[in-house]
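Sequence first, then the predicted structure, then my questions.
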Amino acid sequence: MERRNRLTAVQANSPDSPRWRVLIPSVAAMLAIANLQYAWTLFTTDLTRDFHARLDQVQWTLTFFIIAQTALFPINAYLVDRFGPRLIVTLAGVLVTVGWVGSGLVNSLPALYVVYAIGGIGAGGVYSACVGVAMKWFPDRRGLCVGVVAGSYGFGTALTTLPISYLIEHRGYRTAFIIFGAIQGVVVLAAAQFLRMPPVGWLPAGWEAIKAKVQRKVHQSTRDYAPTEMLRSGSFYLLYLMMSLVTASGLMLTAQLKPIGVTYGYDKYALFGGFTVLTLTLSLNQVLNGSARPFFGWVSDRIGRYDTMAIVFVMEAIAITLLTLVVARPFWFIVISALMFFAWGDIYSLFPAAIADIFGSKHATTNYGIQYTAKGVGSILAGPGAALLMAATNSWIPVFWAAVACNVIAAGLALLWLKPRVARLVREDHD
């Protein structure tokens, strides 16, 4: 349990508590794995040409990555709770390296599926550990701090879109995979050495006063639910359905953005400083996607998780609707895509915070690991599902409308069903 790496409760409650410094390596590790998901779209066109494959066949790679990341997420989360984040993230760093370096070496789609899925296992290990660190160290600022860590996963690709695009164009996609795969692995391995969980039973100084203030805005249970207890709760399945819907809508655009851009010639539409419409869009999307996570986490700490969910899901539906109207106009394609990713980024701070609020902190890493498998369900609709829908209709517009429907349904569930249900559950726990 990494006893030597854990602080005593006295140290952790002192004014010099290092809990803020624990966030720094968590952020670094999450930045390093962001490309595995968010830079994937940069490689799709070259992969279809090199492997003489259809787009939907290539997009199964991202689906297998996300399924591997999410299906094993509960196991990774349990191992983090059992052995601590340092060991798990160290091993995950090796798998992250294999994922991208291997992608630059393989010569067939099945082999690509395998190595990218291995990278997904590694990314899941990093993600579960780093989000778990934030959930457990910061019960008083859970939305904000989980958002900072999760936001790093969204923001990371904004730093690398241009160099990866340059390498793909001038040295080939294989070189880009190998070079950045090695860099990302080294960063994860280094960050892992500084990760730790708080001592068992640790709470921040002055927690009782802080808790009373927090609970005026955010419903937090007084019970710690074991995973088996959580799986017997209807609130969990409602959260799971909502996360599947909104994850699918965002991943539809994440996975398909370059093919959409190529359809409209945005990969060749030069702007300034080496940016095309497509590369500028990708960079802005990740900046806003990443910044949305701490921002909406902070908002949810103040107005409540479920009101925040309803607001941003409606924002996402509006943004996607606007995109259907302006997709053929370069300026508005950039602006509305960025707004859309800003509205979508919140889910990776709000859902883990909600899981910890409802089901307690003790098993929060494992419980969110189970919840996170909803992303795998969404990825099936988002990757090959969206590509097949486009192929069947010869248009991206039906894909956009499917994403709008997912968000509208999730917003209604959050406000009209989940919010009163959780309030009732928390009251029963207090009684």
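Structure's in. What do you need? Residues are numbered from 1 along each chain as shown.

When you work out contacts or count neighbours from here on, use the C-alpha atoms and nothing else.
Noted.

and the residue nearest to Met252 when sequence neighbours are not counted, how many residues sit next to it?
Closest residue to Met252 apart from its sequence neighbours, by C-alpha to C-alpha, 6 or more residues apart in numbering: Ala382 at 4.1 Å. Using other C-alpha atoms under 10 Å, Ala382 is surrounded by 29 other residues.

all helices for the stretch 51-200 of the chain, in order.
For the stretch 51-200 of the chain, the helices defined by DSSP state H, counting those that start in this stretch cover 55-71, 73-83, 85-103, 109-137, 142-155, 161-171, 173-192.

elements contacting the longest one?
Using 3 or more C-alpha pairs under 8 Å, 6 or more residues apart in numbering; DSSP states H and E as the contact definition, the elements that helix 109-137 packs against are helix 19-38, helix 55-71, helix 73-83, helix 85-103, helix 142-155, helix 347-359, helix 364-371.

May I see the buried residues of it?
109, 112-137 (16 or more other C-alpha atoms under 10 Å).

ok, back up a step: just say which of the helices of the stretch 51-200 of the chain is most tucked in.
Per-stretch averages of neighbours, counted by mean count of other C-alpha atoms under 10 Å, single out helix 142-155 among those, with a mean of 29.

now it and helix 347-359, what's the angle there?
150 degrees (axes from the mean of the first three to the mean of the last three C-alpha atoms, to 10 degrees).

Identify the residue spatially nearest to the residue nearest the centre of the chain, adjacent ones excluded.
With distances taken as C-alpha atoms, centre = their mean, Tyr348 lies nearest the centre of the chain, 5.1 Å away. In space, Tyr348 comes closest to Ala150 once its chain neighbours are excluded; the distance is 5.9 Å by C-alpha to C-alpha, 6+ apart.

Please name the residues that touch that neighbour.
Met30, Tyr127, Val131, Gly290, Arg293, Pro294, Tyr348, Ser349 (C-alpha atoms under 8 Å, 6 or more residues apart in numbering).

Equivalent analysis for Ile380, please.
Thr63, Ala248.

so is Ala205 in a helix, a strand, or just coil?
What DSSP: H, G, I helix; E, B strand; the rest coil gives for Ala205 is coil.

And for it, the neighbour number?
15.

What does it show for phi and psi?
phi -60, psi 140 (degrees, to the nearest 10).

where in the stretch 201-350 of the chain is pLDDT low?
212-217, 255-256, 273 (pLDDT under 70).

before we move on, what about the stretch 51-200 of the chain?
In the stretch 51-200 of the chain (pLDDT under 70), the answer is 154.

now do 80
Along the stretch 51-200 of the chain, the model assigns pLDDT under 80 to residues 56, 140, 154-159, 161, 200.

Now do Phe73 against Val377, distance only.
13 Å (C-alpha to C-alpha, to the nearest Å).
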